[in-house]
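Visitor: Pasting a predicted model and its sequence here:
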Amino acid sequence: MMNKKKNYRAYMISVIICVLFTAWGTLPESLIGKFSLNRVANYLQGVISTEFGWLYILLMVAILMIVIFLLFSKYGDIKLGKPDDEPQFNYISWIAMLFSAGMGIGLVFWGASEPIIHLHDPAVPSTDMMKNARESMTYTFFHWGLQPWALYAFIALIIAYTTFRKGKPALISESVTPLFKEKRRETVATVVNVIAIIATAFGVATSLGLGAQQITGGLNFLNSNIPNSFWSQFIVVVVVTILYLISSTSGLDKGVKILSNANIVLAVLLMLAVLVIGPTSYLMDLFVQSIGNYIQSLPSISFRLAPFDVGNRRWINEWTLFYWSWWISWAPYVSSFIARISKGRTIKEFIGGVLIVPTLFTFLWFSVFGGTGIWQELFNNSNLIQTIAEKGEETGLFAMLANYGSLGKIIMGIAILLISTFFITSADSATYVLAMFSTNGSLAPTQNIKVIWGILQSSIAVILLYAGGLESLQAVAVLASFPFLFVIILMGVNFFKWLVAEKAD
């Protein structure tokens with residue numbers, strides 16, 4: 001009964017915080033001035049990035065090193081479950097589901113735009129455009145590569161081990177409370193579960209906002225009569241919310257699994273279409289060389305904070321620290337979802353699947369879309385950066401595709417469909433995880449709780465779009481991630497205590 005009580009408290013506290021946040025966001029800036037959601041969020045984002053950037057950097061480096069160690073360690077043969085447990089999903093469906101949950105909308109949103117922006121605003125200022133192009137791909141790989149997936153793998157591994165090996169409820173708090181005295185565990189569990197729920201709700205809302213922006217941006221490119229405005233984005237959020245609530249009621253074996261497989265098919269079709277109609281050999285050369293540049297540069301850029309250069313530090317705050325914050329805010333949801341679908345796999349198999357396969361696909365994705373954008377900028381005088389500056393980051397992909405005429409418009413349609421299915425699967429799986437957190441870690445949460453969280457997620461996304469668009473989305477991702485930083489550290493300490501004890505037995 002104690003677990004039910006404490007998790008009911010965590011659920012109610014989290015819902016109240018989300019409702020109050022949503023109400024705050026509706027207050028006009030003209031009424032509350034400097035206390036508006038957008039201003040406060042951006043101020044706190046700056047404080048966290050400046051004062052605690054070193055902690056984000058060290059944590060992400062440490063997690064990557066730990067995950068690589070576990071991959072080759074004596075703990076690799078430990079099964080996430082009982083000795084006779086077998087995986088629930090085949091390997092392809094498993095990869096598709098974890099990939100759709102782990103990156104989803106972000107890949108399509110930033111696929112072309114981020115490398116193009118880095119080309120013109122590089123991490124290290126330079127007028128050598130060829131050097132900027134190389135660094136652009138290196139930093140894009142850095143932001144989307146091994147470290148984000150290592151983070152997901154590490155936290156998902158701990159949750160899966162706690163749930164399927166230790167037989168405990170599927171709650172973040174269950175991998176933290178053993179570090180504390182019995183009398184303090186209920187309070188600690190409530191705090192940890194609230195932090196996990198809030199990080200999940202706001203982290204996913206950020207991605208839903210990005211998805212809505214890009215869908216309306218793409219529709220505007222296809223038909224200029226459709227405005228890329230807040231109200232268009234609002235309509236998109238409402239429509240997609242209805243779709244993902246329908247999907248969420250059909251369960252993992254139907255809704256998320258089917259849509260995740262569809263995502264992979266659409267993503268591969270979209271990527272192959274751009275690869276074939278674009279400068280194919282150039283893009284494959286770029287893919288291979290960029291992997292080498294990334295591996296060579298990884299040790300130095302992983303620790304880069306530019307303490308002697310204010311301009312460079314601004315870039316790191318806006319890009320690297322934003323991404324580390326975003327991945328951390330997504331981690332409770334993505335990792336819990338990955339853990340839920342990974343029962344029966346060994347630690348070695350689990351880490352190999354979560355870390356290596358999605359990372360390679362992500363590298364190929366950015367090489368194709370980002371590489372095409374860079375090629376058009378350098379050799380085709382396309383000036384995509386001007387479109388991005390005028391119409392927003394969400395338009396980079398469509399501006400690039402517009403250079404391919406009517407065929408480009410067909411590919412735009414595929415891209416909009418892919419963003420929509422990514423939107424649905426991200427929100428669907430996040431709704432499932434939030435409901436799981438809210439029902440004592442139940443692996444089969446009630447439909448009513450799913451609906452409540454589905455509506456709240458979309459409401460937060462709409463409010464953030466209303467309050468300040470991309471700027472507010474990014475700021476709130478940073479704020480949501482900060483408390484969870486410390487939860488991750490505690491989870492890691494307890495996990496290794498368990499591993500050492502298991503092997504000692």
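Guide: That came in fine, so what should we check first?

Visitor: Tell me, what's the model's pLDDT at Ala205?
Guide: In this prediction, Ala205 carries a pLDDT score of 80.

Visitor: Quick one: residues contacting it.
Guide: Taking CB atoms under 8 Å, 6 or more residues apart in numbering, we find Ala205 in contact with Gln457, Ser458, Ile460, Ala461, Leu464, Leu473, Val476. Heads up, the C-betas are built off the backbone N, CA and C, glycines and all.

Visitor: repeat that with 7 Å
Guide: With contact taken as CB atoms under 7 Å, 6 or more residues apart in numbering, Ala205 is in contact with Gln457, Ile460, Ala461, Leu464.

Visitor: buried ones in stretch 185-200?
Guide: Buried residues in stretch 185-200, counted by 16 or more other CB atoms under 10 Å: 185-186, 188-200.

Visitor: swap that for stretch 158-170, sorry
Guide: By neighbour count on 16+ other CB under 10 Å, the buried set for stretch 158-170 is Ile158, Ile159, Ala160, Tyr161, Thr162, Thr163, Phe164, Arg165, Lys168, Pro169, Ala170.

Visitor: List just the nearest of those to Phe361.
Guide: Proximity of the buried residues of stretch 158-170 to Phe361 (CB to CB) peaks at Ala160, which lies at 21.9 Å.

Visitor: Setting aside sequence neighbours, what's the nearest residue to the closest one?
Guide: Ala339 (3.8 Å; CB to CB, 6 or more residues apart in numbering).

Visitor: For whichever strand or helix holds that neighbour, which helices and strands make contact with it?
Guide: Assigned by DSSP states H and E, Ala339 falls within helix 320-340. Packing partners of helix 320-340 (3 or more CB pairs under 7 Å, 6 or more residues apart in numbering; DSSP states H and E): helix 37-72, helix 91-102, helix 146-160, helix 182-222, helix 405-438, helix 470-504.

Visitor: Give me the residues contacting that helix.
Guide: By CB under 7 Å, 6+ apart, the surrounding residues in contact with helix 320-340 are 49, 53, 56, 60, 98, 101-102, 143, 148, 151-152, 155-156, 159-160, 163, 170, 172, 196, 199-200, 202-204, 206, 354, 429-430, 432-433, 436, 443, 474, 477-478, 480-481, 484-485.

Visitor: Can you name the element that comes right after it?
Guide: Following helix 320-340 in sequence, per DSSP H and E, is helix 347-351.

Visitor: Could you pull up the mean pLDDT of the helix or strand hosting Ile455?
Guide: According to DSSP H and E, Ile455 maps onto helix 447-468. In this model, helix 447-468 has a mean pLDDT of 82.

Visitor: Report the angle between it and helix 37-72.
Guide: Orientation check (axes from the mean of the first three to the mean of the last three CA atoms, to 10 degrees): helix 447-468 against helix 37-72 gives 120 degrees.

Visitor: out of the contacts of helix 320-340, which are buried?
Guide: 49, 53, 56, 60, 98, 101-102, 143, 148, 151-152, 155-156, 159-160, 163, 170, 172, 196, 199-200, 202-204, 206, 354, 429-430, 432-433, 436, 474, 477-478, 480-481, 484-485.

Visitor: picking up where we left off before, could you dump the buried residues of stretch 158-170 into JSON lines with pLDDT and distance to Glu502 added?
Guide: Output for the buried residues of stretch 158-170, formatted as JSON lines (pLDDT from 0 to 100; distance: CB to CB, whole Å):
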{"residue": "Ile158", "pLDDT": "95", "distance to Glu502": "13"}
{"residue": "Ile159", "pLDDT": "93", "distance to Glu502": "16"}
{"residue": "Ala160", "pLDDT": "92", "distance to Glu502": "14"}
{"residue": "Tyr161", "pLDDT": "94", "distance to Glu502": "9"}
{"residue": "Thr162", "pLDDT": "93", "distance to Glu502": "12"}
{"residue": "Thr163", "pLDDT": "91", "distance to Glu502": "15"}
{"residue": "Phe164", "pLDDT": "91", "distance to Glu502": "13"}
{"residue": "Arg165", "pLDDT": "90", "distance to Glu502": "8"}
{"residue": "Lys168", "pLDDT": "89", "distance to Glu502": "14"}
{"residue": "Pro169", "pLDDT": "86", "distance to Glu502": "20"}
{"residue": "Ala170", "pLDDT": "82", "distance to Glu502": "19"}
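
Visitor: Can you tell me which of the residues you listed comes closest to Ile13?
Guide: When the buried residues of stretch 158-170 are compared for distance to Ile13 (CB to CB), Pro169 wins out at 17.9 Å.

Visitor: Out of the helices and strands in the chain, which is least certain?
Guide: helix 91-102 (a mean of 72; mean pLDDT, DSSP states H and E).

Visitor: List the first helix or strand encountered after it toward the C-terminus.
Guide: Once helix 91-102 ends, the next helix or strand along the chain (criterion: DSSP H and E) is helix 105-110.

Visitor: chain center to that following helix, what's the gap?
Guide: Taking CA atoms, centre = their mean, to the nearest Å, the mean C-alpha location of helix 105-110 is offset from the chain mean by 10 Å.

Visitor: Show residues contacting that helix.
Guide: 207, 210-211, 214, 362, 365, 394, 397, 415, 418-419, 422-423, 426.

Visitor: Pick out whichever of the buried residues of stretch 185-200 sits closest to Val265.
Guide: Taking CB to CB as the measure, Val265 lies nearest Thr200 of the buried residues of stretch 185-200, at 27.3 Å.
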